[in-house]
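Build me a model from this:
(4 chains)
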Amino acid sequence: MVTLGHYLIVSGILFAIGFAGVMLRRSLIIIFMSLELMLNAANLSLVAFSRFHVQPSGVPDYNAQVFVFFIITVGAAEVAVGLAIIVALFRARQTTHVEDINTLKF
Amino acid sequence: MLLFIVFCPIVAAILIMAGAPARKTALLASGSTFVMTLLAFALFERWQGGFHHVSSFTISADWRLNFAVGLDGLSLIMVLLAVIVTLAAVWFTGEIDKYENAFYACLLLISGGAIGAFASLDLFFFYAFHELALIPTFLLIGIWGSGNRSAAAWKITIYLALGSFVLLIGLILLYQSVPVASRSFDIRALQAAAVAGQIGPEAQRHIYLLLLIGFGVLVSLFPFHTWAPEAYASAPAPAAMLHAGVLKKFGLYGLLRLAIPLLPDGARHWTGLLMVLLLGNIIYIGLATIGQKRLDWMLGYSSVMHMGYIFLGIASANILGVTGAATLIFAHGLSIALLFGLAGEIRKRTGTLVFDELGGLAKVMPFAGLAFGLGAFAAVGLPGFANFAAEVMVFFGAFQNGWEMERFHIFQIATVLGLWGVVISAVYMLRAYRKVFMGTLPERFRGWNNLVDLRLSLHVPVTLLVGALLWFGFFPQSFVRIVAPAFRTYFSANAQP
Amino acid sequence: MIPPPSLEIAVLVLGMVILMLEAFAERIDKRILAFATIGALIAVLIGTWFLAPSPAQEQATGFWSFYTADPLSIFFKRFALLTTILVLIMMIDYAPVVLASIPSTKKQTGLGEFFAIPIFTCAGLMYLVSAIDFIFIFVSLELVTISFYVLVSFTRHNPATLEAGVKYLVLSALSTAFLVYGITWIFGVTGQTNLQRITAALANPEIERGPALFGMVLVLVALGFKIAAVPFQIWVPDVYQGAPTPVTAYLSVGSKAAGFVVLLRVLRPFLMLPQMERLIVLIALLTLLYGNLAALPQSNLKRLLAYSSIAHAGYLLIGVACFDGPAVTFYLVAYLLMTLLSFAVLVIVAQQTGEEISDFDGLAKRSPFLAFAMLIAMASLAGVPLTAGFFGKFFIFYAAIAQRQTALVVVGVITVACGFYYYLKVVRAMYWQPAAKVDNISVNVLSRLAMSALIVAIVWLGIYPAPILEALRR
Amino acid sequence: MKSALPWYALLLPLVSAGAITLFTHRLKTLSSLISVAAVLGSFLCSCLIFGQKGLSAPELKWIDFGTVFTVPFGFVLDDLSRMMLVLVSGIGALIHIYSLGYMRDDEGKSRYFAALSLFMFAMLGIVLANNFVMLFIFWELVAFTSYVLIGHWFERDAAADAANKAFFTNRIGDFGFMLGILLVWMSTGSVVFADIAPRLSILTSHPAFLTIAALLIFCGAVGKSAQFPLHVWLPDAMEGPTPISALIHAATMVAAGVYMLVRVGFIIQASPSALLVIAWIGTISALLAALIATQQNDIKRILAYSTISQLGYMMIAVGLASNEAAMFHLFTHAFFKALLFLGAGSIIIMLHHEQNIWKMGGLARHLPITFLTFVVGALALIGFPLFSGFFSKDTILALAYDHNMPIFVVALFTAFLTAFYILRLVVVVYFAKPRSDAARASDESPLVMTGPLIVLALLAWLGGYGFFARHFLAIPHEKELLLIVPVLAITAMILGAGLAIALYRNRTSEPIEVDLLRRLFYIDESYRWLIHWTQELLASISAFFDRWIIDASVVRGVSGGTWGIGALLRLIQMGNLQAYAFLFGLGIVALIYFAVFR
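Numbering: from 1, shown residues only, chains lettered A, B, ... in the order given. Down below sits the predicted model:
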C-alpha cells in the first residue's frame, strides 16, 4: 500500500537532489534544471496531498491541483527568462560555468 | 514670541543656504533672537510658577505628541545662554575660506537646535531639537576644523549618536512607565504623573540609569568624555564655543528637567555611582588637564572637568545644589565660549597652540590678554563672576546632604575633593595663561605683522560675555529668583521624608 | 467608485499598451513613453482614493478569498505606484547608460522595454500586497520576480550586470522552490491555502504543528530572501551592485516592501506558536549585526546601500518580531523616501564620476543641490531626528521596548551608531574631501522636482508623521 | 543710623577700576588720576564713617534661599572695621600717590592703577564684610589683584611665575578656609557673624569639630598672611612693583589674615587647642622668616621675610587670645613696613631697578630723606624705645611671657634676629662707600615719593603712642607693668643691632655664608620636589591614561574592533554562486533546527 508518507519521501528526495544539484553542478544550465526539479518535487507532494485530502463529498481537494498548474506555468516563464539570461551570459563571457562569474564580491 | 526665538535661527539657516548674504543674515538673526530673549527675560513674571509663552500644536493625538514650547525660569536662562553664545560665536566668526554660507547655516542650526531643545515642553521635540545639531557639528569640525579634524569629527558624532540613542531608549521607557491612560510626551503631564506616584521605583532606577548614561555621554561625564577634548581642539572656534558653551549643556538641562522631578527614587539609588563618576571628572580629569601641552586640548579637558561640579549640584538634589548647577551651566557656558573664541583667534594668528611655542602674547595682544584672563579667572571660579556664585551654591548644596555632626558622608567627601578641584583648576588655567600670555615673546614671532590685537568689533561679543558673567556674579540673586521657583515646585511636590 | 481590482488591471493594460507602442511606434522618442507611463500611473495613484468598499476578509468567498482591499493593501498599492513612478523618473536619467550598453543600429533600442517592464512589476507588487491566499501570493510574487530577472540583467553587455542577473536568477529561483515546497507542507497539514482559513485550522488543537511549522519556515526562507534577512541576504550586495541603479532602487524598495507586507500577513496565523517569535528575533538580531557591521568597510556606494538595505531589514524585522504593523509600515515609507532619494542622486553622480564613495568627493562644490539631497537622505537613513528615518526607528524601538525585547534594543542601539559611521562617510566625501573633478553637474527639471519632493517629504514626515498613521487606521 | 557712606567708600575704587578698564585704558595719566581721586574719596568716606559711631548701611541679598541659605551683602561697622577702614584707605591713598611717581613712565600704567583700585575695593570689602561668604569673596578678589599686580611686569619670567605661585598658594589656603566656612555654616545654619555668635553653643558642645573648623578657617589666614608652611609665595611676590609690595604685601593684604582671625575670634577662642596651634604656627613663622632674612641679599626680600616674621608675631597674639595686641601690632606694622618698602622703592627706582644690597652702599648721602625715614622705619621695626613698634611688640612679648614661656623665648630670640637683619640692611645699604656706578650716581627721589615717606615716618614714630593710637583701637594694657619684658626686649634688640653693626661695617661682601638659610631651609625646593612627584606625576599619568588607555585603547579599540568584525563579515560574501547556495541551505537547516526541534 502506497501511503501519503511514501509520496512525501519521494518528493523530499527529489527536492534534495535538486538542491544538491544547485549546490554542486558547475554548469548554469544544469543548475537551472535542478531548480525545475525542486519545483516538480513540490508539485508531486501537492498532487499527493490533493489525492489524500478527500473532501466529505468524496472528491479530492482540487485546490492543490490548481496550484500545480500555476507552478508549472510560472516555472515555464521562469525558464524562458532564465535561459535568455544564460544565453546572454554565454555571449558576453563565452562561459556558463559558475566559478567564472565571481567579479562581484565582498 | 518664543516661537520667533526658536525658529529664527533655523529659518535664517535655511535662508542662508538658499543664498542670503551669510554673515549679515546670521548676525541679524542672532541679534534679533538675543533682543527678543532679553525682552522675554525682562517681562518674565517671576513669582508665578509654571510655564509662560506656551504654544502647542498637536502632532499626533494618539501618542499625545505635541509640538509644545514654553518657558519657565530654568528654560528661560538656558535660552538666554544659547542666544548670548550664539551671538558671540557668529560675531567671532572671521573669514571663512570655503562654503561660507554653509558655515553660518551650520552654526545657526546648532543654535536653533539648542534653543529648541531648551524651550520644548515635549519630550520628543526636546530630544529631536538637540539632534538637529548633530550633523552640523560633524560638518563644522570636518570641513573647517584643524588638526586631526577627521578623526575628531567621527568620534564626536558616533559617540554622541550612540549616547543619544541610549537616551532615546530611556525616554521611551519613561513614556511607557506611566499607565496607558496618562501617557504623554508632555513634560508637564509626566510631572503630574510623577507627583501622583505613577512611576514606580523599580522603573525609575532603570530609566535613571539610562538617562544618566545617555545624558552623561552628551555632557562628557567620566568615563564617556574622550570625545570632548579632541573635538573641541579640532573644531573651528565658533563651533567649539557653541558646542561646549551651549549644546553640551543639553544633557545637564535634561537631567535637571527630567531626572530630578520625575525620578527622585532613581536618583537616590544611583547617587553613589554618580558621585564616583563626577569625582572622576573633577579630580582625574582635572589632573589630566594639568598634563596637557596645548591650549585647545587644555580648554577641552577643562570643560570636561567643570562638568563634574554641575553634576555635583545635580546629585545633591536639593534646591541649593540644583540652582547652583543651573547657574554653573550658564556661567560655564559663557566662560568657556569666551575662552574658545579667544583660543581660535590666537590660533589664527600664531598657527599653533602648543604651550612651549607660545609666550608673551599679552604684549602684542593686550585686549585678548585681558579678555582671556577674565575668562580664565571666571572659569576657575573667581568671585565676581557668575561661576563663583554657582560653585558656592553647589558646594553648600552638596555639603548639606546627609549631614551629621560626627561623620562625613559621601557628599561631604565629594565636596572636599571638589573644593580641591578648584585648586587644580586654578593650577592649569593660570599655568596656561602664564605660558601663552606672559613671559617673553618667542623669537620666531618677532616681526610677524599679523600678530595684532583683536579687531575692534570683537570687543562687542567679549564685552557681552564678560558683562553677563559679571552681572550674574555680582547679583546672583537676580538669577536665583528666576531659576529657583522652577525647582521649588519639584522639591515641594516630591517632599522628602 | 472604482472596484479595487480594476487598479491592477489598469496597470497591466498600461503595460501592454506601452509594450505595443515600443514594438510598433518606432519613430517616437522613447522617453515620451516614460512620461506617458508616469502620467498614467499618477492617474491610477489618484484612483486609489476613490475605491469602492470590498467585503471583509472573514466572510470572503470566490475572488475575494484571494484578494483583499483592506487599508493595509490600499496603502501599499499607493506605495508601489509611488515607487514605480519615482523609479521611472530615475530611469529617464539612467537612459543614456542603457543605450550605451545595447549597441544597435536603431536609435533607442530597448529603451521602451526598460520603461515598460517596471509597470508589470508594479502590477505584481499591487497584487502581492492584496494577496491573502498562498496561491495568489505565489503567482503575484513570481510576476514581480520574473520581471525583475529581466530588469536586473537589462544592460546585458555589461558583465557585472549579467553576473548580477545570473546570481539573482538562480538564488531567486531557489527561494521560489522553497516557497512552493513550504506552501505544500502548510497545505498538507491544514488543507487550506487561504490565510484566514489556515488561521482557523491551526487553532484546532488536533492539528499537527510540527509539519506546519516546517512549511512555515520554508515560506519564511523565501520571504527572508525577498526582504534580505540574514542568512538569506547573500545575494543582496552582489545583485544590488551589479544591477542598473534604478533597478537596484526598485529592488530595494518595492520588492522589500512587498516582502514585508506578505510577511506580516503570513505570520499572523503562526503567531500563536512561540517558536516563531523566537525565530524572528534571532533573524532580526543577525540581520542587524550583519548588515550594519559589514557595511562599515564598504567603499562602493551602491554596495554600501545594499548592506544598508540589509541593515534596514533588520530594523523592520524588530517591528515584525513585535508584530507592530503600523511601525513597520511607517518605517517602510521612510525607507522608500530616503532610499529612492539616495539612489536618485547616485544615478546622476555615477554617470559623471562613478559609484565609489570617493567619486562623491567634493560633490558639495560640483552640485550643492545633489549634495544637500544626499545629505538629507543619509541623515534620514542614519536616523537623525526631524527626518522620516528617525520616526521610523522611533516607532520600531518603541515597540521593542514595549515588548521588553532587551536584546533587540541593545543590538539596535549599537548598530545605529555603526550606521552613523557609514552613512556619514558619504557626507564626509561630499563636503570635506577635495574634489577630483570640479565640473558642475546639471540636474534636469523632473529629477530636481522629484528630489525636492522627496526631501520635503522626508522632513515633513520627520516632524509630522500623522498622515501615515492616519492612512493606516482607516 | 542708616547711611550709604560705606557703600561709597567701597564702590568708588570699583567704579574707578571699571572706568579705567573700559574707557581710559589708553589715557595713562588720566587713568592714574582717576584712581587716585577714587582712593582719596574712599579715604574721605572712611574718615567720615570713622567719625560716626553706630552707623549702619543698607543691605542687599546676594543669594537668598530663605531659611536654607542666605548670604546678605552687608557691612559690619564696629570699632575694629572702622579702624581698619581708615588704615587701609589711608595707607592706600599714600601709596597711590607714591605710585604716581614710581610708575610714572611705566607702559602698563593704566592696568596698574586699575588693579590698584580693584585691590582697594577688595580690601575694603574684607574689612566691611559681615559674613563669611562675602569675606571669602573679597578674600579671593584680593588674591586676584595681588596676582595681577605681582605679574605686572609679565614679560619677566620671574614675575609671571611669582604671580602664579602667589595665587596657587592662596588657593590652597582658601581650600581650607572654604571648608571651615562650610563646617560652621552646616552646624550653625548661618554664615553671618552676628547670627553665628548666639549659636556658638552648638559648636562648643562638639570640641573636636570646633577645633577642626577653627583650624580650617585659620588655613585661610595661613595662606593670606604667608605663615609657615604657606609662606613661600610672599618673598617671590617681591617681583611686583615696590609700591605693591608696600601696600599689598606688607601693610594690608597680608594683614587681612590677622584681621579675619580677629573678626571671627569668637569662634577660634572657643577652642583652646586651635589657639595653641595658631600661636605656634606664628612662632615658627616668626623665627623661620627672621633667620632666613639674615642671609638674603635682595633688599625687598629681606623686607618680605621681615613681614612674615612680624605677621608671625601677630599670629602669636591671636593664638594667645589677645585680639587687641594683634590689632595693635598690625596697626603699627602697617605704617613702618609700608615706610620701609617705600624707602626701598625709592632706592630701587633711583638705582634703576637695582635690588642687591651689595651693589648699594653709602646711600645715606645721596638720598638723605629716604635714609632718615628708612631709619625711622627700621627703629620702629626693631622695637626701639619710643618708636611705635616698641609698644606693640612689647605687648605681644609680655603676653607670651604671661601665657607661654617657650613662645616667649623664641619670640625674644626673633626680636634679636630682627634687629640683626635690619641693621645689616641699613649698614650695608646706607653706609660705607657706594659699590656700583648706579649707587654713585643716585639722587633723591621727587616729592611725590618722598612726601608719603615723610607722612609714614611720622606715623611710624607716633603710631604706637597711646594718645594717638587710642583713637583708633583699644590699646591693651597689661595688668601690672612687667619691667622684665621690655628690659629683655631692649637687650635683645641692642645685642642684635650691635652684632650687625660690628659684622657688616665697611664690608663689601657677605662675611658669613649659611647655606641652610640662603636656601630658605630647603622649603621651596622640597615643595618643588613634592609637587613634581605628586601633582605633576599624577597629571602626566592621568593625561597618558586618558589619551592612550581610555581613548586610544578602549574607545578607539571598540570602534576599530567593530570595524574589524565588519571587515571579517564581508568576507562571507565571497562571490561564488554555489557558495551562496550552500550558505542558503545552511541557513535553512539552522532555521529549521531552531524552529522545529527546539
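
how about whichever residue of the stretch 151-300 of chain D sits closest to chain A, secondary structure?
With Cβ to the nearest Cβ as the measure, residue D:164 is the residue of the stretch 151-300 of chain D nearest to chain A, at 58.3 Å. From N, CA and C alone the C-beta is placed, and that goes for glycine too. The three-state assignment at residue D:164 reads helix, by DSSP: H, G, I helix; E, B strand; the rest coil.

At the contact with chain A, which residues of chain C appear?
By Cβ under 8 Å from any Cβ of the partner chain, the residues of chain C that approach chain A are C:134-135, C:138-139, C:142, C:145-146, C:149-150, C:153, C:156-157, C:159-160, C:162-167, C:169-170, C:173-174, C:176-178, C:180-181, C:183-185, C:187-188, C:191, C:193, C:237-238, C:241-242.

what about burial for the residues you listed, which qualify?
Buried by 16 or more other Cβ atoms under 10 Å in any protein chain shown: C:134-135, C:138-139, C:142, C:145-146, C:149-150, C:153, C:156, C:162-167, C:169-170, C:173-174, C:176-178, C:180-181, C:183-185, C:187-188, C:191, C:193, C:237-238, C:241-242, out of the residues of chain C next to chain A.

ok, which of those residues also contact chain D?
The overlap between these and the neighbours of chain D (Cβ under 8 Å from any Cβ) comes to C:166, C:167, C:170, C:174, C:178, C:237, C:238.

In these, find the pair that's most separated.
By the measure Cβ to Cβ, these have their two most distant members at C:178 and C:237, which lie 20.9 Å apart.

show me the biggest strand of chain B in terms of residues.
For chain B, the strand reaching the highest residue count under DSSP state E is reported as strand B:52-60.

how about the CA coordinates for that one, as CSV?
Written as CSV, here are the backbone C-alpha positions of strand B:52-60 (Å, rounded to 0.1, in the frame of the first residue of the first chain):
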residue,chain,number,x,y,z
HIS,B,52,4.9,81.1,30.0
HIS,B,53,4.7,81.8,26.4
VAL,B,54,3.3,78.3,25.8
SER,B,55,2.3,77.4,22.3
SER,B,56,1.3,74.0,21.3
PHE,B,57,0.4,72.1,18.1
THR,B,58,-0.8,68.6,18.0
ILE,B,59,1.3,66.2,16.1
SER,B,60,-0.4,63.0,17.0
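
what does that strand rub up against?
B:1-3, B:40, B:44-45, B:65-72, B:121, B:124, C:463-466, C:469 (Cβ atoms under 8 Å, 6 or more residues apart in numbering or on different chains).

Please check those residues and keep the buried ones.
Applying a neighbour-count criterion of 16+ other Cβ under 10 Å, the buried members of these are B:2, B:40, B:44, B:65-72, B:121, B:124, C:463-466, C:469.

Tell me the secondary structure at residue A:33.
When the rule is three-state DSSP, residue A:33 gets the label helix.

And it, how far from residue A:10?
Distance of residue A:33 to residue A:10, computed by Cβ to Cβ, to the nearest Å: 18 Å.

re earlier: show the subsequent helix or strand relative to the longest strand of chain B.
With elements assigned by DSSP states H and E, the helix or strand that comes after strand B:52-60 is strand B:65-71.

helices or strands up against that next one?
Secondary structure elements in contact with strand B:65-71, counted by 3 or more Cβ pairs under 8 Å, 6 or more residues apart in numbering or on different chains; DSSP states H and E, are helix B:2-17, strand B:52-60, helix B:100-119, helix B:123-132.

Single out the most deeply packed of these.
helix B:100-119 (a mean of 27; mean count of other Cβ atoms under 10 Å in any protein chain shown).

quick one: that helix to helix B:123-132, angle?
In terms of direction (axes from the mean of the first three to the mean of the last three Cα atoms, to 10 degrees), helix B:100-119 departs from helix B:123-132 by 150 degrees.

Return the list of helices and strands in contact with helix B:100-119.
Using 3+ Cβ pairs under 8 Å, 6+ apart as the contact criterion, the elements in contact with helix B:100-119 are helix B:2-17, helix B:22-43, strand B:65-71, helix B:73-92, helix B:123-132, helix B:134-144, helix B:237-242, helix B:249-254.

could these go into JSON lines alongside mean pLDDT?
Formatted as JSON lines, the entries for these read as follows, by pLDDT from 0 to 100:
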{"stretch": "helix B:2-17", "mean pLDDT": "89"}
{"stretch": "helix B:22-43", "mean pLDDT": "89"}
{"stretch": "strand B:65-71", "mean pLDDT": "88"}
{"stretch": "helix B:73-92", "mean pLDDT": "91"}
{"stretch": "helix B:123-132", "mean pLDDT": "89"}
{"stretch": "helix B:134-144", "mean pLDDT": "90"}
{"stretch": "helix B:237-242", "mean pLDDT": "91"}
{"stretch": "helix B:249-254", "mean pLDDT": "92"}
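
For residue B:224, find the nearest of the ones you listed.
Evaluated over the helices and strands packed on helix B:100-119, closeness to residue B:224 peaks at helix B:249-254, with 10.3 Å, by Cβ to Cβ.

circling back to that earlier point, nearest to residue C:434, out of the helices and strands packed on helix B:100-119?
Set against residue C:434 and scored by Cβ to Cβ, the helices and strands packed on helix B:100-119 come closest in helix B:134-144, at 11.0 Å.

now whichever helix or strand comes after the closest one, how far from the chain's geometric center?
Next along the chain after helix B:134-144, taking DSSP H and E as the criterion, comes helix B:149-177. Centroid displacement of helix B:149-177 relative to its chain, using Cα atoms, centre = their mean, to the nearest Å, is 17 Å.

And helix B:149-177, what does it pack against?
Under the contact criterion of 3+ Cβ pairs under 8 Å, 6+ apart, helix B:149-177 touches helix B:123-132, helix B:134-144, helix B:201-219, helix B:227-234, helix C:388-402, helix C:406-432.

CSV for these, including distance to chain D?
Putting the helices and strands packed on helix B:149-177 into CSV (distance: least, Cβ to the nearest Cβ, whole Å) gives the following:
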stretch, distance to chain D
helix B:123-132, 20
helix B:134-144, 15
helix B:201-219, 11
helix B:227-234, 8
helix C:388-402, 19
helix C:406-432, 6
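
Can you lay out those helices as JSON lines showing distance to residue D:576?
Conversion of the helices and strands packed on helix B:149-177 to JSON lines gives the following (distance: least, Cβ to Cβ, whole Å):
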{"stretch": "helix B:123-132", "distance to residue D:576": "42"}
{"stretch": "helix B:134-144", "distance to residue D:576": "39"}
{"stretch": "helix B:201-219", "distance to residue D:576": "43"}
{"stretch": "helix B:227-234", "distance to residue D:576": "42"}
{"stretch": "helix C:388-402", "distance to residue D:576": "34"}
{"stretch": "helix C:406-432", "distance to residue D:576": "25"}
